[in-house]
Structure formats: C-alpha cells, structure tokens
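Colleague: how would this look folded up:
(one chain, ligands or ions: 2)
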Amino acid sequence: MAEHWVCATCGVQHGVSASPPARCAICEDERQYVGLAGQAWTSAAALREKHRNVFHEVAPGVWSIHTEPAFGIGQRAYLIQTGEGNLLWDSLTLTDGESLQRVRELGGVRAIAVSHPHYYSAMVDWSDGFGGVPIYLHEDDREWAVRVYSAIHWWSGEERELFGGLGLVRSGGHFAGYQVAHWAAGDGVLFAGDQPQVCMDGRWVTFMYSYPNWIPFSAAQVRRITGSLAGLRFERMYGAFGRNLLSDAKAIVARSEERYLRAIEG
Ligand SMILES: [Zn+2]
Ligand SMILES: [Zn+2]
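Modeller: Residues are numbered from 1 along each chain as shown. Ligands and ions are numbered 1, 2, ... in the order given. So this is what the prediction gives:
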C-alpha cells in the first residue's frame with residue numbers, strides 16, 4: 001500500500017511510495033546513524049497503535065508535547081500560545097486525533113517552525129491537521145526535506161519575524177540552516193531545540209555537530225553559533241529533551257561557551 005514511510009531511527013516521514021525507501025538520507029548522514037540492526041521503517045498507523053502524546057504546561061503559555069513510549073530521537077515539541085495565535089515549535093512523528101483535539105482546545109496552530117531536519121518528523125501531517133498552516137524552515141536545509149509539501153516556507157537570511165513577539169534566528173552549526181525560536185514575552189525565552197543543548201545537570205549547555213557520533217565543533221563554529229544569539233534577550237531556555245534553563249539562561253550560555261573553548265583549545 002502506498003504510504004508515507006517513517007524512518008524508525010530518526011522518525012522522519014518520507015515521500016509516498018508503495019514499499020519502504022531503500023535508505024534514509026538523514027540517518028546515513030554523519031550527524032545521525034543507522035542502528036546496528038540496519039535501516040528500519042514504520043508507518044503513522046503503526047505508531048498510533050502503541051504510542052500517545054503527553055502534554056505538560058511548563059510555563060504560562062508554553063506547552064511541551066512528547067511521545068510515550070519514546071519514539072525515534074525522542075524530542076519534545078512546544079506549543080507557544082501568543083495573543084496573535086500559536087506556534088508549534090519543533091515537531092513529533094505521532095499525530096493522532098486525541099493530540100490534534102488537545103491542540104485545538106489550546107487554541108490551534110497558526111504556524112509551525114522546526115529547528116533542523118532531525119525533527120522534521122511528521123511536520124506535514126501537523127500542518128495538514130490545522131488546515132495547511134505554514135511551516136517555516138531555513139532554506140539552507142532544503143535538501144533534507146524528504147517529504148515535499150506546498151506549505152513549507154523556505155526563508156533566507158539571518159532573522160525572520162513571525163507574530164506575537166516570536167521570531168526565528170538562524171544559528172547554523174549543527175545544520176547550515178539550524179534555527180532557534182525567540183519569544184520576546186517577559187524577560188525573553190529561547191526555544192533552542194538541541195543547540196545549545198542543555199546538559200544533564202541543567203546548569204550548563206553544550207554544542208555538538210553530531211550528538212550520537214560525538215563530533216564537536218571548532219572554536220570558530222561555536223563562536224558563530226553563540227554570535228547568532230548575542231542580540232537576543234532571554235532569561236529562560238527550553239530544550240528538546242525536557243532539560244530547561246529557568247533563569248539566567250543567557251549568562252549560562254556565555255559561561256558554557258567559555259568552558260567549551262577551554263576544552264577544545266587546551
Ligand atoms: Zn532516519
Ligand atoms: Zn540534531
């Protein structure tokens with residue numbers, strides 16, 4: 001049966017085909033991996049049988065959404081509620097009627113933005129579920145969009161204003177088109193995805209070209225990433241794995257950059 005096959009390792013949904021694709025380009029790239037058991041595929045319908053999405057309000061107007069049991073890379077998405085509509089930040093592979101209904105009750109989705117290709121997941125299905133709302137991605141990652149879709153808006157340059165105090169900033173680094181979302185509400189909030197990545201103790205962040213393969217950045221690359229955040233005001237930072245910085249986030253990023261540069265420069 002024709003199907004939008006889903007890579008079981010990265011969770012990215014592919015273009016329609018009768019049988020599973022031969023390979024997943026995202027997992028064959030050195031920033032991801034094909035598991036020891038080889039390339040495996042699943043489907044949206046199969047996922048719905050065994051998984052569900054869980055919602056948590058992590059701050060007023062900020063809902064984290066993740067899939068249980070965890071699937072693929074295991075990232076969180078966020079629904080950010082502004083007075084001018086909601087942004088779905090990053091995305092999940094599982095879409096089901098219950099999740100869409102829950103998001104509808106929380107005000108629906110005006111637009112979607114995804115930090116980088118590892119989280120492209122089923123962003124197209126999420127957009128479809130809300131009438132084909134635009135998906136904002138940076139054009140430098142265009143080659144990684146393995147499911148073509150008319151509502152994807154490829155933006156270029158360094159910054160893209162959205163609505164409700166939200167905007168996108170291209171950081172590069174992990175992917176050429178890597179983007180973060182900044183929300184000017186209150187003291188400022190950064191939605192970072194996995195760059196910077198909040199460390200296990202919740203007091204530091206780090207930066208990696210590849211997390212699964214432990215490939216670090218050069219000093220110049222780290223400075224390019226932190227430089228992209230320099231003009232942003234943010235007290236809080238939300239990451240992709242449930243580890244967040246709830247105060248002093250910008251200073252934590254600065255001291256973490258120094259630590260990282262000490263480690264790689266000796
Ligand atoms: Zn994959
Ligand atoms: Zn990634």
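Colleague: going forward, measure contacts between C-alpha atoms and count neighbours the same way
Modeller: Noted.
Colleague: let's see the pLDDT reported for residue 35.
Modeller: In this model, residue 35 is scored at 89, pLDDT.
Colleague: neighbours around it, how many?
Modeller: When counting by other Cα atoms under 10 Å, one arrives at 11 neighbours for residue 35.
Colleague: would you list the phi and psi of it?
Modeller: Backbone geometry at residue 35, expressed as degrees, to the nearest 10, gives phi -60, psi 170.
Colleague: next one: the spatially closest residue to it that is not a sequence neighbour from ligand 1, what distance?
Modeller: Once flanking residues are discounted, residue 35 sits nearest to residue 9: 7.1 Å by Cα to Cα, 6 or more residues apart in numbering. Noted for residue 9: a distance of 5 Å to ligand 1, by Cα to the ion, to the nearest Å.
Colleague: so what's residue 9 up against?
Modeller: Residue 9 makes contact with 27, 33-35, 39-40, 72-73, according to Cα atoms under 8 Å, 6 or more residues apart in numbering.
Colleague: what about the residue nearest to residue 183 when sequence neighbours are not counted, distance to ligand 1?
Modeller: Spatial nearest neighbour of residue 183, excluding adjacent residues (Cα to Cα, 6+ apart): residue 166 at 4.5 Å. Going from residue 166 to ligand 1 by Cα to the ion gives 30 Å.
Colleague: hmm, residue 180 and residue 166 touching each other?
Modeller: No. With contact defined as Cα atoms under 8 Å, residue 166 does not count as touching residue 180 (10.5 Å).
Colleague: send the alpha carbons of stretch 86-106 over as PDB?
Modeller: C-alpha atoms of stretch 86-106 as PDB (Å, rounded to 0.1, in the frame of the first residue of the first chain):
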ATOM      1  CA  ASN A  86       0.100  29.700  18.500                       C
ATOM      2  CA  LEU A  87       3.400  28.500  17.100                       C
ATOM      3  CA  LEU A  88       4.100  24.800  17.100                       C
ATOM      4  CA  TRP A  89       7.900  24.700  17.700                       C
ATOM      5  CA  ASP A  90       9.700  21.600  16.600                       C
ATOM      6  CA  SER A  91       7.500  18.600  15.700                       C
ATOM      7  CA  LEU A  92       6.700  15.000  16.500                       C
ATOM      8  CA  THR A  93       6.100  11.900  14.300                       C
ATOM      9  CA  LEU A  94       3.000  10.800  16.100                       C
ATOM     10  CA  THR A  95      -0.200  12.700  15.100                       C
ATOM     11  CA  ASP A  96      -3.500  11.300  16.300                       C
ATOM     12  CA  GLY A  97      -7.000  12.500  16.800                       C
ATOM     13  CA  GLU A  98      -6.500  13.000  20.500                       C
ATOM     14  CA  SER A  99      -3.400  15.200  20.100                       C
ATOM     15  CA  LEU A 100      -5.000  17.300  17.400                       C
ATOM     16  CA  GLN A 101      -8.100  17.800  19.500                       C
ATOM     17  CA  ARG A 102      -5.900  18.800  22.500                       C
ATOM     18  CA  VAL A 103      -4.100  21.300  20.500                       C
ATOM     19  CA  ARG A 104      -7.400  22.700  19.100                       C
ATOM     20  CA  GLU A 105      -8.600  23.200  22.700                       C
ATOM     21  CA  LEU A 106      -5.400  25.100  23.400                       C
END
